[in-house]
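S.K.: A predicted structure for the sequence below; I have some questions about it.
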Amino acid sequence: MSKVILKAQHIVKNYREGKIQTPVLQDANLEISAGVMNAIIGRSGSGKSTLLHILGTLDTPDSGQLFFEEQDLLKLNDKAKSAFRAKNLGFVYQFHHLLQDFTAVENVMMPLLIAGYSKKDAQQRALEYLSKVGLSHQLNALPAEMSGGERQRAAIARALCAHPKLILADEPTGNLDAQNASSVFALFKELSRKDGAAVIMVTHDQSLAEQCDEIFTIKEGRVIHA
Ligand code: ADP
Ligand code: MG
């Protein structure tokens, strides 16, 4: 058994807009082990993205507890949360979220610079990861000059390059055709395994979920571990 790195307990989250309350998570519990690839599935609107944002400290639950290793994440202030994310987490989104005015290599360097790497080391690491994702020929391309699959590969390089312990991915291949999705997913899986990173990936694609080590389903605000 590998070590549990992330533990969410009794997470409750409701959205409120005026008098309208949308209950989303009701006593959601989850344990994630180091180096393990986890899928989160569930119907549209079931709370997958909400849970992922809470696990990544980008949103706060109404109640519940969240521990990363022994650290109580809900006790951190905003500044400490940012530092925690820069050191430990990588994010991949459905739409790449690359900065439009920056080249592939500059985009991948960004989290490294934020994490405190020197410019020279950041550039070297970015080149290494862009090569791992097969983008050595697109180093100076802007996002608009890359294909959809290339942009997701660059986003994966950006998420992985600072060696996060945990990668949070929300439909990372959801914007790609089936063939591209399966090759980008295979690359994501291979690289995160090699780096020993745990992954939590939201997907509506059952065949991708089945290629993960663990599958969690969100249903009626709870997390069911298959
Ligand atoms: P999923 O990712 O599984 O499709 P989400 O976590 O995005 O689901 O959303 C869960 C529910 O919460 C949905 O009913 C959605 O409309 C609602 N919701 C999500 N974000 C907000 C928000 N910022 N304000 C109000 N309601 C929201
Ligand atoms: Mg979602």
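M.R.: Thanks, I have the structure now. Ligands and ions are numbered 1, 2, ... in the order given.

S.K.: Now stretch 138-145: buried residues?
M.R.: Using 16 or more other C-beta atoms under 10 Å as the test for burial, stretch 138-145 gives Gln138, Leu139, Ala141, Leu142, Pro143. For the C-beta atoms, the positions are set from N, CA and C on the backbone; glycine is no exception.

S.K.: Name the SS class of the spatially most central residue of the chain, please.
M.R.: Centrality entry for the chain: nearest residue to the mean C-alpha point is Leu168, 1.7 Å, by C-alpha atoms, centre = their mean. Recorded secondary structure, Leu168: strand (DSSP: H, G, I helix; E, B strand; the rest coil).

S.K.: Without its sequence neighbours, what residue ends up closest to it?
M.R.: Gly56 (4.7 Å; C-beta to C-beta, 6 or more residues apart in numbering).

S.K.: Now Thr22: phi and psi?
M.R.: phi -110, psi 110 (degrees, to the nearest 10).

S.K.: which residues touch it?
M.R.: Asn14, Tyr15, Arg16 (C-beta atoms under 8 Å, 6 or more residues apart in numbering).

S.K.: Please identify which of those is nearest to ligand 1.
M.R.: If you rank the contacts of Thr22 by distance to ligand 1 using C-beta to the nearest ligand atom, Tyr15 comes first, at 3.4 Å.

S.K.: Tell me if I'm right that that closest one and Gly47 touch.
M.R.: No: between Tyr15 and Gly47 there is no contact under C-beta atoms under 8 Å: 10.0 Å.

S.K.: neighbour-wise, which of the two wins?
M.R.: Neighbours around Tyr15 and Gly47, counted as other C-beta atoms under 10 Å, are more numerous at Gly47. The numbers are 25 against 11.

S.K.: Just give the nearest non-adjacent residue to that one, would you?
M.R.: Closest to Gly47 by C-beta to C-beta, 6+ apart is Val24, at 4.2 Å.

S.K.: State whether the one you found is indeed within a strand.
M.R.: Yes: when classified by three-state DSSP, Val24 is found to be part of a strand.

S.K.: you'd agree it is up against Asn14?
M.R.: Yes: shown here, Val24 and Asn14 form a contact pair, counting by C-beta under 8 Å, at 6.3 Å.

S.K.: Between those two, which has more neighbouring residues?
M.R.: Set Val24 next to Asn14 and count neighbours by other C-beta under 10 Å: Val24 wins out with 23 against 13.

S.K.: Contacts only, for the more buried one.
M.R.: The contact partners of Val24, taken as C-beta under 8 Å, 6+ apart, are Lys13, Asn14, Tyr15, Gly47, Thr50, Gly221.

S.K.: My read is that the second one contacts Pro23, right?
M.R.: Yes: using C-beta under 8 Å, Asn14 makes contact with Pro23 at a distance of 4.9 Å.
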